[in-house]
Structures are given as C-alpha cells and as structure tokens.
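**Student:** I'd like to go over a predicted model; first the sequence, then the structure.
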Amino acid sequence: MTYQKPIPTITRDMQPFFDAAKRHELVVQRCMQCGTHRFPAREICSSCLSRDVQWVRVAGTGHIFSYNVMHQVYHPGFAAEVPYAVAIVQLSEGPRMLSNLVDCPIDRIAVDMPVEVVFERVSETVTLPKFRPVGHPPA
C-alpha cells in the first residue's frame, strides 16, 4: 500500500536533516560561533548572526511544549487517524520541532510530557521523525 499523506518536499537546505532521518538519526543545525542549536535550517544564526553552521546529531528526547488535537479531516490521507495529535516538541538541546505524537491516547497527552523520537519511512526518499511518550515499548 502506498503512503497516502502529503510528503514533504526536500529542499537543499533541509537535505542533511532528511538524509539523517533515513539513518534513524535526528539532526539539527548548531551555530559554530555561539553553540546555539536551531531548527529548521536557517542561513543565519538568530542569536549571533553567524553563518558558520554544522548539522549535529541530537538525543531525540524532549518534552511536549504545546499540542493540538485534529478532529477534522483536512486531507483524505489522515481520515483513518482522526482524532490525532500534532505537537510542538521542545528538544533537550533547545530547538522546537513540529511533529506528530504517536503511541499515546489523546486523553493522556500533556504539556511537559517527556517524549522520544521514532522514525517512519514514508517513501524511498523520505523518513519522518515522530515522537512518542518516553518509555513506550517499541512498535
């Protein structure tokens, strides 16, 4: 069965992120001048304005900063999953990432809940990081 949901377009700036996700690694940019971690990719550090950056692997842990439960079907690919959660995850290293929360009943989601990354291969070229509660047994 083919993946029915929208698949992100991989831009040149985000290619290292998607390459790492295929290896089941979570990476973000790190400013080489001031050490600030950032996501998504940007040309200039918003902390010190440096352009000196590298992609670094991060722990893949964090907590729910905020979330929304989707009750409407905005795309037919999500129809079977309604209701589902979309979360802003604050990574342990600082940056925030928008992703899906999986393996967690909607009524158990809470702000500050600790989460860890899991990966879902959705096509030959795209693997998506998603998050689940820490300690949840692997699927």
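**Tutor:** Perfect, thanks for sending it.
**Student:** ok, the longest strand along the chain: who's next to it in the sheet?
**Tutor:** Of all the segments of type strand in the chain, defined by DSSP state E, the longest one is strand 61-70. When pairing is defined by DSSP bridges, strand 61-70 lines up against strand 84-91 (antiparallel), strand 114-121 (antiparallel).
**Student:** for G135, grab the count of nearby residues.
**Tutor:** The tally of other residues near G135 (other C-beta atoms under 10 Å) stands at 7. Glycine gets a C-beta too; all of them are placed from N, C-alpha and C.
**Student:** so who does it touch?
**Tutor:** The contact partners of G135, by C-beta atoms under 8 Å, 6 or more residues apart in numbering, come to none.
**Student:** now do it against A85, distance only.
**Tutor:** G135 sits 18 Å away from A85, taking C-beta to C-beta, to the nearest Å as the criterion.
**Student:** thinking again about what came up before, contacts for the longest strand of the chain?
**Tutor:** So strand 61-70 is in contact with 78, 82-92, 96-97, 101, 106, 109-117, 131, 134, going by C-beta under 8 Å, 6+ apart.
**Student:** cool, and stretch 121-130?
**Tutor:** With C-beta under 8 Å, 6+ apart as the criterion, stretch 121-130 contacts 3, 5, 7-8, 10, 18, 21-22, 24, 26, 60, 97, 99-102, 117-120.
**Student:** off-centre distance for that stretch?
**Tutor:** Stretch 121-130 sits 11 Å away from the centroid of its parent chain (C-alpha atoms, centre = their mean, to the nearest Å).
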